[in-house]
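> structure for this input, please:
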Amino acid sequence: MHIHLSSPWFAPRAVVARYRCVILLLAAARLLPAAEPLSLQALPGGVAAVELAIESKAMGEAMPALVLLPPSYAQRPAARYPVLYLLHCAGGDYRMWAQGTGLIRELASRELIVVCPEGTPQGWFLDSPVRPRSAVETHLVRELIPRIDREFRTLAARSGRAIGGFSMGGHGAITLAAKHPDLFASASSFGGILDLPRWPGQWGLDAVLGPLATNREAWIAQSAMGLAGRFAKEAAGMKLLIDCGLDDFALPENRAFHQRLGVLGVPHVYRERAGGHRLDYYSRHLPAHLDFHLAALSEAASAPPAGAPATGYFTHPAFLKHRTGEGHPERPERLTAIETALKQKGLWDRLAHPVPAPASLATLQLVHTADYIATARRDIEAGRTTLSTGDTTVSPESWDAALLAAGAVCDAVDAVLTGKLRNAFCAVRPPGHHACPARGMGFCVFNNIAIGARHALRARGLDRVLVIDWDVHHGNGTQDAFWTDPAVLQFHTQERGIYPGSGKEGERGAGAAEGRILNFPLERGSGIEVFAKLYTERLAPAARAFKPQLILVSAGYDSHADDPLGGLALRSEDFGRLTRIVLDLADELCQGRVVIALEGGYDLNALGASAAATIAELESRSRAVQIKARTPSQPATTTEQPMEKTR
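Coordinates of the predicted model:
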């Protein structure tokens, strides 16, 4: 090991300050094997720089890398640290991030190791299909990362690694994250060159990929734009930050990549701010990237063990701004009552709390007509108090709330299908099951559960979805949405003869979907024994024959005996019993995949207790799977922290 106190790429510091740092660093250095050349540099703020030289078989030469250690690394010899891999731009090298970017200053106050690999001036952080000795991707993945985890006290797991970069490095960060989602929990890009086929003849791309005219497929396959689809599949759940200056020549392709992720339904953060493709831009915004990665890594580290996700609780403050007026039963206090009940029962902190993104207009059109969507928006923005298509009460904030309600169910579906969550409850307003494809009805603007089902079928590629509705009122909008769609099996239990007047036994669907709708109108006063008999003797056999890949529930708690709008006789604990039946079917038929969305329920005490009974069953089932999957060395799970995201 060589200790250097001067370097052409670090500003001179006072000798006394340097030696104070070195005394601490020598203790840390004993933990760093020196089988290959390595040097240690004392930097301002107590940060240490370790320069590695790795004999690379992939590259056929020694590859340098700079490792920056936080001040606490030498002071806490038992601590392990997350690692951020920062990639340089074309024409730069592994020392770029330590030169005038403010990284050293920012690292002095953060518990994070930063590794700056060498990607060669124009290696593009990929394995060249035309130059065998240009395999930077293999070097990073198979040589550098194992070396870092072996020689430094890292959190040597996906939840302990992030990757980011500028320009060529931004491209490398996004593509490596897409190709190797098992290695990284988050990825970010400053001014990334994200669509390589736009740039033939530039920055050595032809030398690495061959001429675009004859190697177009390779250019597309190695481009971030070409790999975007992986973030909806193999790399689903990756935390992404795409950042570009308004004067950056790469802005058009960054916007196009952002739009592509949106079409794919991939949650991500996208930022545009004043600045260009220059050092001052990424220097100014580097702290935000560091904090983004630290938050993402903290979230990943506190997530449940692999294969045993938690229960998600999807809600949003905007739902409270959907105002329905004095005396209206569907009021903001409904969600407050549920939250209060969950906290009183100690459930709140056991749940994951993702932040939903609003549904896009294209997502709404999976169920609703474009004309109705435009009418609903126009009515709300014009200040109407009811939609012109029916009896639905709205306020100026209802449009945002309605988009978020549909988006929350879609986000929950995505999280459950990708395994990020075991199951989920969506505490949303406005509710949805009365909203028909071409009109709003009741208290509903958009049909959240129907949109979630169609999203699972179209965007996630499922073939069969089961929708259960236990609201006291028939889910006429859901029935209408899938009247001829054999991909959805519906099971409705509702009070006979009340609003909206549909849901008779003979309403069974049409065409290929005939028999896919099962309606069971119940007499006033029907209680849990009636429900349980139907669920075990009619729902269970139908579900087993149908073999759903996902179960969605329209959870209306106005079937409660105390509800002012209905005459059925369920008690709060009965909803827990119904939930257990549903979960048992889900465990048997579709890997436990259940998403429940709030519909009715207007007595606040009954609503809070009933929803809590449902969520307690969801959480208990998730926790049982976690305990089964967890090994003694794995920590107990903690609540997922929400992050900013854009769909």
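> counting neighbours, what do you get for E272?
For E272, the neighbour count with other C-beta atoms under 10 Å is 15. In this view, the C-beta of every residue, glycine as well, is placed from N, C-alpha and C.
> check for me that it belongs to a strand.
Yes - assessed by DSSP: H, G, I helix; E, B strand; the rest coil, E272 belongs to a strand.
> mind listing what it touches?
Counting by C-beta atoms under 8 Å, 6 or more residues apart in numbering, E272 touches D243, C244, G245, L246, L251, N254, R255.
> please repeat the previous calculation with a cut-off of 6 Å.
C244, L246 (C-beta atoms under 6 Å, 6 or more residues apart in numbering).
> swap in A359?
Shown here is A359, whose contacts under the criterion C-beta under 6 Å, 6+ apart are L403, A406, G407, C410.
> isn't D558 up against G600?
Yes - under the criterion of C-beta atoms under 6 Å, D558 makes contact with G600 at 3.8 Å.
> before we move on, back to that, quick one: which of the contacts of A359 is most hemmed in?
Highest neighbour count within the contacts of A359, by other C-beta under 10 Å: A406, with 33 neighbours.
> wait, that residue touches A450, no?
No - A406 is beyond contact range of A450, at 9.2 Å (criterion: C-beta under 6 Å).
> ok, and the closest non-adjacent residue to L604?
Closest residue in space to L604, ignoring its immediate chain neighbours: A337 at 4.2 Å, by C-beta to C-beta, 6 or more residues apart in numbering.
> now F520: which helix or strand?
When secondary structure is defined by DSSP states H and E, F520 falls within strand 517-522.
> that strand: what's the following helix or strand?
The C-terminal neighbour of strand 517-522 among helices and strands, as given by DSSP H and E, is helix 528-534.
> with just CA atoms, put that next one into CSV.
Included here for helix 528-534 are C-alpha records, laid out as CSV according to Å, rounded to 0.1, in the frame of the first residue of the first chain:
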residue,chain,number,x,y,z
ILE,A,528,-72.3,-13.5,7.9
GLU,A,529,-73.8,-17.0,7.6
VAL,A,530,-75.4,-16.1,4.3
PHE,A,531,-72.2,-14.5,3.0
ALA,A,532,-70.0,-17.3,4.2
LYS,A,533,-72.2,-20.0,2.6
LEU,A,534,-72.1,-18.1,-0.7
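> who's I596 bridged to?
Each beta-bridge partner of I596 is listed here, defined by DSSP bridges: F425, V553.
> how is the chain partitioned into domains?
Using automatic domain parsing, the domain parsing of the chain gives 2-300, 310-315+333-350+411-434+446-629.
> endpoint to endpoint, stretch 216-225 covers what distance?
With C-alpha to C-alpha, to the nearest Å as the measure, the first residue of stretch 216-225 is 13 Å from its last.
> same check, this time on stretch 531-542
Calculated as C-alpha to C-alpha, the first-to-last residue distance of stretch 531-542 is 15 Å.
> buried residues of stretch 402-418, list them for me.
If you call a residue buried by 16 or more other C-beta atoms under 10 Å, then stretch 402-418 has these buried ones: 402-417.
> kindly apply the preceding question to stretch 114-124 instead.
Along stretch 114-124, the positions that meet the burial threshold by neighbour count (16+ other C-beta under 10 Å) are V114, V115, C116, P117, E118, G119, T120, Q122, G123, W124.
> shaky segments in the stretch 201-350 of the chain?
Within the stretch 201-350 of the chain, the segments meeting pLDDT under 70 span 301-309.
> one more time with 80, if that's ok
Within the stretch 201-350 of the chain, the stretches falling below the threshold (pLDDT under 80) are 279, 299-309.
> what ranges do the helices span in it?
In order along the chain, the stretch 201-350 of the chain carries the following helices (DSSP state H, counting those that start in this stretch): 205-209, 212-221, 224-227, 251-264, 279-302, 333-344.
> any stretches of the chain with poor pLDDT?
Scanning the chain residue by residue, the ranges that satisfy pLDDT under 80 are 1-45, 100, 279, 299-309, 624-647.
> for it, give the helix that spans the most residues.
Residue-count comparison of every helix in the chain, with assignments taken from DSSP state H, identifies helix 604-629 as the longest.
> quick check: buried residues in that helix?
Of the residues in helix 604-629, those buried by neighbour count under the rule 16+ other C-beta under 10 Å are 604, 606-623, 625-626.
> how close does the nearest residue to D243 once chain neighbours are set aside sit to H171?
When the adjacent residues along the chain are set aside, D243 lies closest to R271, with 4.6 Å between them (C-beta to C-beta, 6+ apart). Distance, R271 to H171, by C-beta to C-beta, to the nearest Å: 17 Å.
> those two: who's more crowded?
A side-by-side neighbour count of R271 and H171, using other C-beta under 10 Å, places H171 first with 30 against 19.
> show residues contacting the helix or strand hosting that one.
Using DSSP H and E, the secondary-structure element containing H171 is helix 168-179. Among residues not part of helix 168-179, those counted as contacts by C-beta under 6 Å, 6+ apart are 87-90, 124-125, 163-165, 184, 187, 189-190, 192-194, 224, 227, 230, 235, 238.
> 7 Å - rerun?
Here helix 168-179 makes contact (C-beta atoms under 7 Å, 6 or more residues apart in numbering) with 87-90, 119, 124-126, 137, 140, 163-165, 184, 187-194, 203, 222, 224, 227, 230-231, 235, 238.
> ok, of the residues you listed, which come out buried?
Among these, those buried by neighbour count (16+ other C-beta under 10 Å) are 87-90, 119, 124-126, 137, 140, 163-165, 184, 187-194, 203, 222, 224, 227, 230-231, 235, 238.
> so which of these sit within helices?
Here DSSP H is the test, and these give E137, A224, L227 as lying in helices.
> distance check, the residue nearest to L604 against A74.
Here the distance between A337 and A74 works out to 52 Å (C-beta to C-beta).
> for P211, same thing?
P211 is 50 Å from A74, where distance means C-beta to C-beta.
> between those two, which one's more packed in?
When neighbours are counted by other C-beta under 10 Å, A74 comes out ahead of the other of P211 and A74, with 20 against 14.
> phi, psi of that one?
Main-chain torsions, A74, degrees, to the nearest 10: phi -80, psi -20.
> which parts of the stretch 451-600 of the chain are strands?
Listed from the start of the chain, the stretch 451-600 of the chain has strands (DSSP state E, counting those that start in this stretch) covering 465-469, 488-495, 517-522, 550-555, 594-598.
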